[in-house]
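Student: Quick one, structure for this:
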Amino acid sequence: MRFRHHDPDVRLRGAVQSYWELEDLQLSAPEQNADLPERTIRLMFSADRLLIGPSVEALRPLLPVSLSRFSLQPRSMVVQGRLRALVVEFYPWAARQLLGWRAEMVPDALDAALSASAWGREIVALIQLAEWDAAREVLETHLLRLTAGQGEPGTGVQAARQIYQSSGRLRVARLAEELNLSPRTLERQFVQQVGVSAKVLARVVRFDEVNNRIRENPAVPMAELTFELGFFDQAHLIKEFKALSSMTPGAFAVMAAQRSSGLDLSNGGDHFIEVGPLPHADSDI
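Tutor: Modelled structure (predicted):
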């Protein structure tokens, strides 16, 4: 399977973290995967029939255009079928402002509306024809049109950007002080503009940073992550990681080392990867 990563148009970098393409993923038999909390909201345009669900008995077709869920809870998902997809990684505030996303929503209704939209159907049709550049061009043109009417970012979005820049280390009290707001006022504006609370976003961003660093280097010392990401101690890191993933960092590192599908998503160009079933994720190493 070929994987390609693309940076967004410079005018969209306050809304979109990245794009990526999966040219052809074949899953002839059901495979179980762990769906872990992530710092972005993924909008996926899929050209083929992919079945997804919490179990083999509950598999159902994924809609052609679908949004990922934002959650503090890991989910075990079963997938089967073929996937050719263009994926947009939105920052939460952009998904909220441009697509109407909310963290508490079950996105099925929004997925149906996006799948029925003229631009959604056009992008999916282009992917079916393997016209990847054209599909991305249609997508970016639509997103630029949506962002054209956006004003200056509010204080909630400004605070959220700082949380991302700090990899989740900044506290709400400090953010409020820097923005000359009370913590309560900042939290209210944060939820209104970003879609989740500042504490929840910081928690997910920091977890995702630990997750990514372990994926990139399964041998990374826990002491290094503890210090650089502002955990109280290693016990705090382990407790927080397990709460959001149902496994310890050590168990996840073993899994990451065993997977043959590891990618550096920060690099451009083409990558060929093999995808295999995910090991059971409830180990207590």
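
Student: measure the closest residue to residue 46 other than its chain neighbours to residue 215 for me?
Tutor: Closest residue to residue 46 apart from its sequence neighbours, by Cβ to Cβ, 6 or more residues apart in numbering: residue 85 at 4.7 Å. Just so you know, the C-beta spots here come from the backbone N, C-alpha and C atoms, and that holds for glycine as well. Separation of residue 85 from residue 215 (Cβ to Cβ, to the nearest Å): 20 Å.

Student: More neighbours: those two, which one.
Tutor: residue 85 (22 against 19; other Cβ atoms under 10 Å).

Student: which residues make contact with the helix or strand harbouring residue 138 from outside it?
Tutor: Using DSSP states H and E, the element containing residue 138 is helix 132-147. The contact list for helix 132-147, computed with Cβ atoms under 8 Å, 6 or more residues apart in numbering, reads 4, 6, 8-9, 11-12, 15-16, 19, 21, 23, 45, 86, 88, 94, 98, 119, 122-123, 126-127.

Student: So which bits of the longest helix along the chain are buried?
Tutor: Longest helix of the chain, by residue count under DSSP state H: helix 198-216. Buried residues in helix 198-216, counted by 16 or more other Cβ atoms under 10 Å: 198, 200-215.

Student: residues making contact with whichever helix or strand residue 42 is part of?
Tutor: For residue 42, the enclosing helix or strand under DSSP H and E is strand 41-46. Contacting residues not belonging to strand 41-46 are listed as 62-68, 70, 83-92, 95, 99, 101, 114, 120, 123-124, 127, 135, 139 [Cβ under 8 Å, 6+ apart].

Student: Which ones among the residues you listed lie within helices?
Tutor: Counting by DSSP H, these place 92, 95, 99, 114, 120, 123, 124, 127, 135, 139 in helices.

Student: what's the angle between the strand holding residue 42 and helix 132-147?
Tutor: 140 degrees (axes from the mean of the first three to the mean of the last three Cα atoms, to 10 degrees).

Student: how much space is there between residue 59 and residue 163?
Tutor: In terms of Cβ to Cβ, residue 59 sits 36 Å off from residue 163.

Student: Specify which residue of these two has the higher count of neighbours.
Tutor: More neighbours surround residue 163 than the other of residue 59 and residue 163, with 25 against 18 (other Cβ under 10 Å).

Student: check contacts around that one.
Tutor: 170, 175, 198, 201, 202, 205.

Student: secondary structure element for it?
Tutor: helix 155-165.

Student: Compute the inter-axis angle for that helix and helix 198-216.
Tutor: Inter-element angle recorded for helix 155-165 and helix 198-216: 20 degrees (by the same axes, to 10 degrees).
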